[in-house]
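**Q** Quick one: sequence plus predicted model below, questions after.
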Amino acid sequence: MPRRPVSNRVKVKQDEAFERYISDAKTDLATGKCLTIPEAAEMHRVAESTLRNRLKGKRSRQECRIGEQALTPAEENPIKEWVFKLDDWGFPSRHQYVKDMALDFIKSHDIQSQKLGKNWMTRFLSRHPDLASKFCTRLDKQRAYADNPEILEDFYETLLIAIREHGIVAGNMYNMDEKGFLMGRSARVKVILRRGKKRNFKSQDGTRKLITVIEAVSAAGTTPPPMIIYQGEAQYAG
């Protein structure tokens with residue numbers, strides 16, 4: 001049975017783990033914990049020849065590839081931090097925005113070819129395993145700002161007080177929701193965000209014109225017919 005190919009992201013993690021083993025072996029030799037190179041190599045599960053070469057100053061594979069990359073690590077790290085901030089604020093960055101920021105760095109290199117390769121984004125993500133590319137659902141800014149546990153807890157405490165104070169019965173309590181359909185605009189878009197994030201929403205301007213469907217259900221389980229609202233063609237004075 002043929003072996004499954006290893007992804008670039010897995011290779012990066014393996015390289016990072018290997019570099020930690022090399023670093024620990026060099027530290028043990030420097031501090032005297034290991035007295036010989038063979039002893040340090042065996043303890044940290046690295047090849048003796050590789051450890052000897054590193055002690056002589058040979059560079060790692062990652063360091064050798066830096067000269068082939070469009071951006072240096074010092075330039076890529078601010079892009080990653082910028083992506084993190086946008087994701088935390090509820091505005092995960094689209095692929096093109098990340099590429100535009102990278103191109104701004106390339107323009108400062110004063111080189112003739114100021115462009116990114118077609119696989120640059122894939123390799124950028126593989127060099128930064130804590131980032132991921134996913135499809136996300138658009139979410140209005142007002143909803144993104146309201147997605148706060150403290151705000152929700154305060155709302156339901158206030159609601160409970162109102163129900164008890166006015167004796168509101170289940171049949172008179174309705175939960176209403178609406179679903180908007182932006183005409184000619186995709187509901188899902190591919191963005192760059194933190195790896196492992198479960199809920200993927202991209203905030204957007206909530207003032208666009210759309211077709212809206214409104215549905216409601218009471219706490220007693222009754223459901224009135226849904227309402228569909230279309231954009232008006234003209235306004236009549238009556």
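**A** Thanks, I have it.

**Q** by contact count, what packs against the host helix or strand of R54?
**A** Element membership of R54 [criterion: DSSP states H and E] is helix 48-55. If you count contacts as 3 or more C-beta pairs under 8 Å, 6 or more residues apart in numbering; DSSP states H and E, helix 48-55 packs onto helix 8-31, helix 37-43. C-beta here means a position set from N, CA and C on the backbone, and glycine is covered the same way.

**Q** what's the first one in contact with?
**A** Contacts to helix 8-31, defined as C-beta atoms under 8 Å, 6 or more residues apart in numbering, come from residues 6, 33-34, 37, 40-41, 43-46, 50-51, 54-55, 60-62, 122-123, 125-127, 129.

**Q** Which of those residues are buried? Put it as a PyMOL command.
**A** Buried residues among these (16 or more other C-beta atoms under 10 Å), as a PyMOL selection:
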select buried, resi 34+37+40+41+44+46+50+51+54+123+125+126+127
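
**Q** on that earlier part again, the helix holding R54 to helix 8-31, inter-axis angle?
**A** Orientation of helix 48-55 against helix 8-31 (axes from the mean of the first three to the mean of the last three C-alpha atoms, to 10 degrees) gives an angle of 70 degrees.

**Q** chain center to helix 48-55: distance?
**A** Computed by C-alpha atoms, centre = their mean, to the nearest Å, the chain-centroid distance of helix 48-55 equals 37 Å.

**Q** Tabulate the helices and strands packed on helix 48-55 (JSON lines), appending mean pLDDT and distance to K115.
**A** Listed next are the helices and strands packed on helix 48-55 as JSON lines, based on pLDDT from 0 to 100; distance: least, C-beta to C-beta, whole Å:
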{"stretch": "helix 8-31", "mean pLDDT": "76", "distance to K115": "21"}
{"stretch": "helix 37-43", "mean pLDDT": "84", "distance to K115": "43"}
